[in-house]
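A.B. asks: Predicted coordinates and the sequence they were generated for:
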Amino acid sequence: MYKRFWLGVIYVAVIGILSNVFAIFINREKLDESKRPFKSKKWEKNGKVYDKLKIRKWKGKLPDVSKILPFLRPKKVVSGTTSKDLRALIKETCVAEIVHTVLMILSIGVIFICPGKLGVILYIFCFIGNLPFILIQRYNRPQYIIAEERLTRREERLHK
């Protein structure tokens with residue numbers, strides 16, 4: 001039974017690693033944050049609904065794969081950020097949402113690898129472990145979009 005549990009853990013680790021490889025090959029130009037599934041739903045109030053979860057306090061405490069893999073774009077807005085930088089960051093939020101959603105779906109496989117309570121518990125951990133990252137993307141993206149629009153207008157004024 002425990003052997004199957006560890007096979008489930010290995011499965012989760014492998015799909016986690018492969019998802020980051022898969023993410024590299026996602027064509028960001030084809031992702032449209034203004035359309036489903038990335039567009040904020042009405043009930044999300046442009047990410048404001050997540051303030052009730054106090055997301056601003058805990059989102060920075062979660063691991064960020066871009067800190068581990070230096071070739072990935074950092075997920076932060078820093079001083080000197082351009083509208084082009086923000087556009088790329090918006091696309092990265094879409095990629096991250098895709099990756100964590102796919103991981104939640106593929107994690108169902110642990111129930112078949114490790115049948116019974118341990119498999120279900122492992123799947124619940126995988127689901128709960130990915131959910132905060134999706135919420136962070138859905139919280140950040142509307143703010144980045146608004147910031148990008150403002151910055152674009154500002155850059156256009158400065159270049160006239």
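C.D. replies: That came through, no problem. Quick caveat, the model's predicted, so the values are computed rather than measured.
A.B. asks: The residue nearest the centre of the chain: what's it in contact with?
C.D. replies: Closest residue to the average C-alpha location of the chain: Ala96 at 3.0 Å, with Cα atoms, centre = their mean. Ala96 makes contact with Ala23, Lys75, Phe133, Ile136, Gln137, according to Cβ atoms under 8 Å, 6 or more residues apart in numbering. Yep, even glycine has a C-beta here, placed from its N, CA and C like the rest.
A.B. asks: Show me what counts as buried in the helix or strand where it lies.
C.D. replies: Assigned by DSSP states H and E, Ala96 belongs to helix 83-106. By neighbour count with 16 or more other Cβ atoms under 10 Å, helix 83-106 contains the buried residues 83, 85-87, 89-104, 106.
A.B. asks: and it, how far from the chain's centre?
C.D. replies: Counting by Cα atoms, centre = their mean, to the nearest Å, helix 83-106 is centred 5 Å from the centre of its parent chain.
A.B. asks: for that helix, what is the average pLDDT?
C.D. replies: For helix 83-106, mean pLDDT is 93.
A.B. asks: next structured bit after that helix?
C.D. replies: helix 109-113.
A.B. asks: who does the next helix or strand after that following helix touch, helix- and strand-wise?
C.D. replies: Downstream of helix 109-113, the first helix or strand assigned by DSSP H and E is helix 117-158. Judged by 3 or more Cβ pairs under 8 Å, 6 or more residues apart in numbering; DSSP states H and E, helix 117-158 is in contact with helix 2-24, helix 55-58, helix 83-106, helix 109-113.
A.B. asks: Tell me which residues are up against the second one.
C.D. replies: Under the contact criterion Cβ under 8 Å, 6+ apart, helix 55-58 has outside partners Pro132, Leu135, Ile136, Tyr139.
A.B. asks: I'd like the average pLDDT over that helix.
C.D. replies: Here the average pLDDT along helix 55-58 is 87.
A.B. asks: could you dump it to PDB, C-alpha only?
C.D. replies: Taking Å, rounded to 0.1, in the frame of the first residue of the first chain, the C-alpha atoms of helix 55-58 are listed here in PDB:
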ATOM      1  CA  ILE A  55      -4.500  37.100  -0.800                       C
ATOM      2  CA  ARG A  56      -2.200  40.100  -0.700                       C
ATOM      3  CA  LYS A  57      -0.800  39.000   2.600                       C
ATOM      4  CA  TRP A  58       0.000  35.400   1.700                       C
END
